[in-house]
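just a sequence and a predicted model for now, questions to come.
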Amino acid sequence: MRTLRWTTPSLIAALLAAPSVAHAQAPPPAERLGVYSPYEQQTIEDAMRDQHLLRDAFPEGKIIERIEIVALRPFEQRDILPRWLNVFHVTTRESVIRNEVLLHEGGRYEQDRVDDTIRNLRRLPGVPQLSAVLVIAAMGSTPDRIVLLVITKDVWSLRLNWNLVADSGGLDQLAFQPSETNFLGTHQILAGTFILEPSAYTLGLGYFVPRLGDSRVTLAANADVMVNRGTNSPEGTYGQLVAGQPLFSGRTEWSWDATVAWQDAVLRRYVNGSLSDYVDTSPRCAGTSGPPPARCVLPFQFRSRIYTTSYEVTRSFGWDLKHDFTLAATLNRAVYEINAPATTDAQTVADFVSQDVPVSDTRVGPSLQYHTYQRRFVRVIDFDTLALQEDYRLGHDIVARVYPSFRGLGATRDVLGFYGAAQYSWAVRDGLFRVAFQSTTEEQLSQTSRPTWCGSGACTSDASLQPTAHLVTPTIAGLGRIVVDGTFLYRWRNYLNQTNILGGDDRLRGFPTNFFVGSNVLSYNVEARSRPVEILSCELAGVAFYDAGDAYIASSQFQPYQSVGVGLRAVFPWLDRTVFRADIGFPLYRPIDPSTGVPIPPYSFLLSFTQAFVTPTVAPTPVLATGQGADAP
């Protein structure tokens, strides 16, 4: 849920009246521009041969005499599945691809526009819908002319879109989103939703339009209903409606979006394939060894009622060095309720609410955000998508936001919030090193609903800081990489009672999913990732990992739990760009599970999608899926 931004009338007028920045010098292209995996290199060679073209090694500034689109179907001769299956797939229309190309016939070749074109095509909605996106300059009819060859490969658009989170204790979540992700070749998405969890299942529908006609306006809508598996009765709904026009290029000057979203649902924590419990471990509940008394245990669940509406507009300045100002307004109402069994000890319920249930709050007000960054990218392979190209932004990334909320507009409290983040990224040959720092401080100004530790004046009600470091080493001896990631989230004021969950799925493999809960998190991870190997057009790789960390409330409770393990990674370019992973982890220390009174299992396995941890970023996430974000994997 995003906050929206606006500012004083004088600043608005200045932004509206500001002239466009002169593009005196183009930003540099992605570093390591010509890096291709063997799979992508074969794709280029086949397309060039079929089009009777030869590469132009120095295309910058030359006239584009024509643009050739090569839209590959999901199944080719090199793929393991038969090509007759393509009859059930509608290939992306040439006009859809051509609309995303930011160069035109008769214009001049500019590498920065080529890079933006590649990132936009990767960002087309779907799973994503395009796995390989390659833009090549070929020799034209004269030395000063080139042919622009745009190669894309569709993934199968009639999809089950499944996701699985399972461990040694059972199924935590099984999700299906049957969809047509390339409706009539337009990249519009028609989708249904089915999510199965131990205590509930969800049914829903969604529709996504990446571009209305020839415009850049995007529309997205979805609505879902949750059904309790015990009673077979609906227990909640959630959904959203989003419209807007994104920053689709480094030269785009304006963007806007509007969002309405709601959630009225029961939120639950699942551990080892079942609904977990909150167990009161205080002395009054202490007893003999074994499970705790029933009066000191209640299900780890609560109802969340959230409504958000937001409107924002962004003015973007610069070209290589960007300065984006976002003005917005938002209303965000969040109500959290608990319905504990009548037999539960009243103090146990109170402790659960104070430790793990967020505080209800309503925010209404404007905000102003400033974001500056460099449009310099490093182009790599085998980071987060194995053998497919990825772009990661280099240099600085700085975000500053101020967001007041006023009781006079309907808010619960008068609050003045500040958010700041700074990040810097270096290319290390074909690797990456990124460090970042984020901080949030909220000053409560009103005299009602004040934390007990506040005085009579303004006080800091919520505050946090989070340093992060991420290193992807250069390829070592052609065998693979070492990936190191560390993060520390410290909330030194926490009136809203925000918490994080750790374990199993990502940072602490080997432990049950969602096993650790706390307001603070410290974790560090090391993975040795092998280079992918292509087998029948499938990309396969292995990992070995070491995880350490904890989620905790007080620093005295921190314990660096550790695990080791191995895993498999796979990408099927004719089906997806997202990595499938299977991990098995072994805890080096087996803590007692408070709900059972016995140590956790000696191992845990997990089947899911995406890498266990990906390259972090502090850049604001675009509201619209077609907008340009920080990185473009």
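Thanks, I have it.

quick one, longest helix in this protein?
Ordering each helix of the chain by length in residues (DSSP state H) puts helix 38-51 first.

using PDB, write out every CA atom in that one.
The C-alpha trace of helix 38-51 is given here as PDB (Å, rounded to 0.1, in the frame of the first residue of the first chain):
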ATOM      1  CA  PRO A  38      24.900 -19.700 -24.800                       C
ATOM      2  CA  TYR A  39      21.100 -20.000 -25.000                       C
ATOM      3  CA  GLU A  40      20.700 -16.300 -26.000                       C
ATOM      4  CA  GLN A  41      23.700 -16.400 -28.400                       C
ATOM      5  CA  GLN A  42      22.200 -19.300 -30.200                       C
ATOM      6  CA  THR A  43      18.900 -17.400 -30.500                       C
ATOM      7  CA  ILE A  44      20.700 -14.400 -32.000                       C
ATOM      8  CA  GLU A  45      22.600 -16.500 -34.500                       C
ATOM      9  CA  ASP A  46      19.500 -18.300 -35.700                       C
ATOM     10  CA  ALA A  47      17.500 -15.100 -36.100                       C
ATOM     11  CA  MET A  48      20.400 -13.300 -37.900                       C
ATOM     12  CA  ARG A  49      20.700 -16.300 -40.300                       C
ATOM     13  CA  ASP A  50      17.000 -16.400 -41.000                       C
ATOM     14  CA  GLN A  51      16.900 -12.700 -41.700                       C
END
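
chain center to the helix or strand following it, what's the gap?
Per DSSP states H and E, helix 38-51 leads on to strand 63-72 as the next helix or strand towards the C-terminus. On the basis of C-alpha atoms, centre = their mean, to the nearest Å, strand 63-72 sits 32 Å off its chain's mean C-alpha point.

and the angle for the longest helix of the chain with strand 63-72?
Angle, helix 38-51 to strand 63-72, by axes from the mean of the first three to the mean of the last three C-alpha atoms, to 10 degrees: 110 degrees.

touching helix 38-51 from outside, list them.
Applying C-beta atoms under 8 Å, 6 or more residues apart in numbering, the contact partners of helix 38-51 are 36, 54-55, 68, 70, 72, 78, 132, 134, 136, 138, 147, 149, 151, 153, 381, 387-389, 534, 537, 539, 573. Heads up, the C-betas are built off the backbone N, CA and C, glycines and all.

PyMOL command to pick out the buried ones of those?
Entered in PyMOL, the line below selects the buried ones among the contacts of helix 38-51, by 16 or more other C-beta atoms under 10 Å:
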select buried, resi 36+70+72+132+134+136+138+147+149+151+153+381+387+388+389+534+537+539+573
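
show me the contacts of helix 38-51 that map onto strands.
Mapping the contacts of helix 38-51 onto strands (DSSP state E) picks out 68, 70, 72, 132, 134, 136, 138, 147, 149, 151, 153, 534, 539.

so how far is the longest helix of the chain off the chain centroid?
31 Å.

list the buried residues in that helix.
Buried residues in helix 38-51 (16+ other C-beta under 10 Å): 39, 40, 43, 44, 46, 47, 48.

looking at those, which one is closest to residue 612?
Taking C-beta to C-beta as the measure, residue 612 sits nearest to residue 39 out of the buried residues of helix 38-51, at 23.4 Å.

where does that closest one land on pLDDT?
Looking at residue 39, its pLDDT is 81.

quick one: it from residue 421, how far?
36 Å (C-beta to C-beta, to the nearest Å).

what strand or helix carries residue 435?
Applying DSSP H and E, one finds residue 435 within strand 431-444.

who does that strand pair with, and is each partner parallel or antiparallel?
Here strand 431-444 is paired, per DSSP bridges, with strand 415-428 (antiparallel), strand 459-472 (antiparallel).

for residue 114, find the nearest of these.
Residue 114 lies closest to strand 415-428 among those, at 19.0 Å (C-beta to C-beta).

just how off-centre is the closest one within its chain?
Relative to the chain's own centre, strand 415-428 is displaced by 17 Å; criterion: C-alpha atoms, centre = their mean.

how about stretch 368-377?
How far stretch 368-377 lies from its chain's middle: 18 Å, per C-alpha atoms, centre = their mean.

list the buried residues for that stretch?
Buried-residue list, stretch 368-377, by 16+ other C-beta under 10 Å: 368, 369, 371, 372, 373, 374, 375, 376, 377.

so what's residue 332 bridging to?
Counting by DSSP bridges, residue 332 is bridged to residue 308, residue 363.

then residue 222?
Under DSSP bridges, the beta-bridge partners of residue 222 are residue 206, residue 240.

distance check, it against residue 240.
Taken as C-beta to C-beta, the span from residue 222 to residue 240 is 6 Å.

same question for residue 347.
In this view, residue 347 and residue 240 are 38 Å apart by C-beta to C-beta.

likewise residue 55?
Residue 55 is 45 Å from residue 240, where distance means C-beta to C-beta.

do the same with residue 156
If you measure residue 156 against residue 240 using C-beta to C-beta, the figure is 27 Å.

coming back round to it: got the buried residues for the strand holding residue 435?
Neighbour counts using 16+ other C-beta under 10 Å place 431, 432, 434, 436, 438, 440, 441, 442, 443, 444 of strand 431-444 among the buried residues.

ranges for the strands of the stretch 201-350 of the chain?
For the stretch 201-350 of the chain, the strands defined by DSSP state E, counting those that start in this stretch cover 218-228, 234-245, 254-268, 270-271, 274-275, 277-279, 297-299, 301-317, 321-337.

can I get the last one as CSV, trimmed to CA atoms?
These are the backbone C-alpha positions of strand 321-337, laid out as CSV (Å, rounded to 0.1, in the frame of the first residue of the first chain):
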residue,chain,number,x,y,z
LEU,A,321,21.3,11.8,-13.5
LYS,A,322,17.6,11.6,-12.6
HIS,A,323,15.6,13.7,-10.2
ASP,A,324,12.0,12.5,-9.6
PHE,A,325,9.5,14.5,-7.5
THR,A,326,6.3,12.6,-6.5
LEU,A,327,3.3,14.5,-5.1
ALA,A,328,0.5,12.5,-3.6
ALA,A,329,-2.5,12.2,-1.3
THR,A,330,-3.6,9.1,0.6
LEU,A,331,-6.2,7.7,2.9
ASN,A,332,-5.2,4.5,4.7
ARG,A,333,-7.5,3.0,7.3
ALA,A,334,-6.2,-0.2,9.1
VAL,A,335,-8.2,-2.0,11.8
TYR,A,336,-7.0,-5.2,13.5
GLU,A,337,-9.2,-7.4,15.6
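
gap between that strand and the chain center?
Here the centre of strand 321-337 is set off from its chain's centre by 18 Å, with C-alpha atoms, centre = their mean.

try the third one
Chain-centre distance of strand 254-268: 16 Å, with C-alpha atoms, centre = their mean.

can you say which of the strands of the stretch 201-350 of the chain is nearest to residue 475?
Smallest distance to residue 475 across the strands of the stretch 201-350 of the chain (C-beta to C-beta): 30.4 Å, for strand 321-337.

grab the nearest non-local neighbour of residue 133.
Leaving aside its sequence neighbours, residue 133 sits nearest to residue 121 (C-beta to C-beta, 6 or more residues apart in numbering; 4.4 Å).

residues contacting the one you found?
Residue 121 touches 97, 100, 130, 133, 150, 152, counting by C-beta under 8 Å, 6+ apart.

does the fourth one touch residue 116 like I think?
No. When contacts are counted by C-beta atoms under 8 Å, residue 133 is not listed as touching residue 116 (11.8 Å).

would you map out the domains in the protein?
Domain segmentation of the chain under automatic domain parsing yields 10-154, 156-609.

over to residue 602: give its phi and psi.
Phi and psi for residue 602, reported as degrees, to the nearest 10, are phi -80, psi 0.

quick one on the thing from earlier: let me know the closest of the contacts of residue 121 to residue 299.
For those, with residue 299 as the reference and C-beta to C-beta as the criterion, the closest is residue 130, at 43.2 Å.

just give me the neighbour total for the closest residue to the closest one other than its chain neighbours.
Leaving aside its sequence neighbours, residue 130 sits nearest to residue 152 (C-beta to C-beta, 6+ apart; 4.9 Å). When counting by other C-beta atoms under 10 Å, one arrives at 26 neighbours for residue 152.
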